[in-house]
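Engineer: coordinates only, sequence not included:
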């Protein structure tokens, strides 16, 4: 069990996870993406640019040039969770293309910023969202091979979010890497 009290502790924890070769991890119900994580040299500049973009969008909204919906669409990204998609009744296991087509129509693939990888302890449509380890639930191992190799998802950060401990994560990560 890892207890993280402050930001510098989180940074040290992420460094340890990276040293083990992990690309994604969940610790203590807090998911941390470490997909080739590094601190950009121009972190301050990137944050300043992002803040300027948000302020610009907010200004356009306040002046009445864009609607609240348009403001939202300009600054919000989405993470797709495989267990929740499945438990919500979408057949990502046998037809990920159909699910992604609908996702694109409703939300927009351009808003998809990351993927939570987790199997499901419940059958499709159960509306429960109970995560299982990769290959140990209703989605099955073949689903994850389709997801990690799907052209629309291949370059998205993937965050392993399963009920596991570090040795189990290492096995799941090795398994996912073998699929790529």
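Structural biologist: Thanks, I have it. Quantities reported herein were computed from a predicted structural model and do not represent experimental measurements. Numbering: from 1, shown residues only.

Engineer: Spit out the contact partners of residue 100.
Structural biologist: 109, 150, 152-153 (C-beta atoms under 8 Å, 6 or more residues apart in numbering). Just so you know, the C-beta spots here come from the backbone N, C-alpha and C atoms, and that holds for glycine as well.

Engineer: can you tell me the helix or strand for it?
Structural biologist: Taking DSSP states H and E as the criterion, residue 100 maps to helix 96-106.

Engineer: and residue 105, how many residues sit next to it?
Structural biologist: 9 (other C-beta atoms under 10 Å).

Engineer: Now do the residue positioned nearest the centre of the chain against residue 150, distance only.
Structural biologist: Closest residue to the average C-alpha location of the chain: residue 115 at 3.0 Å, with C-alpha atoms, centre = their mean. Separation of residue 115 from residue 150 (C-beta to C-beta, to the nearest Å): 10 Å.

Engineer: how close does the residue nearest to the centre of the chain get to residue 85?
Structural biologist: In terms of C-beta to C-beta, residue 115 sits 10 Å off from residue 85.

Engineer: now the single longest helix found in the chain: how far from the chain's centre is it?
Structural biologist: In the chain, taking DSSP state H as the definition, the longest helix is helix 43-62. Helix 43-62 has its average C-alpha position 23 Å from the chain's average C-alpha position, going by C-alpha atoms, centre = their mean, to the nearest Å.

Engineer: Give me the phi and psi for residue 78.
Structural biologist: Recorded main-chain torsions at residue 78 are phi -130, psi 150, according to degrees, to the nearest 10.

Engineer: Let me see the contact set for the nearest residue to residue 84 once chain neighbours are set aside.
Structural biologist: Distances taken as C-beta to C-beta, 6 or more residues apart in numbering place residue 129 nearest to residue 84, at 5.1 Å, with adjacent residues excluded. Counting by C-beta under 8 Å, 6+ apart, residue 129 touches 81, 83-84, 87, 120, 122.

Engineer: Rebuild the residues you listed as JSON lines, extending it with secondary structure and pLDDT.
Structural biologist: JSON lines is the format used below for the contacts of residue 129 (DSSP: H, G, I helix; E, B strand; the rest coil; pLDDT from 0 to 100):
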{"residue": "81", "secondary structure": "strand", "pLDDT": "91"}
{"residue": "83", "secondary structure": "helix", "pLDDT": "91"}
{"residue": "84", "secondary structure": "helix", "pLDDT": "90"}
{"residue": "87", "secondary structure": "helix", "pLDDT": "89"}
{"residue": "120", "secondary structure": "strand", "pLDDT": "94"}
{"residue": "122", "secondary structure": "coil", "pLDDT": "92"}
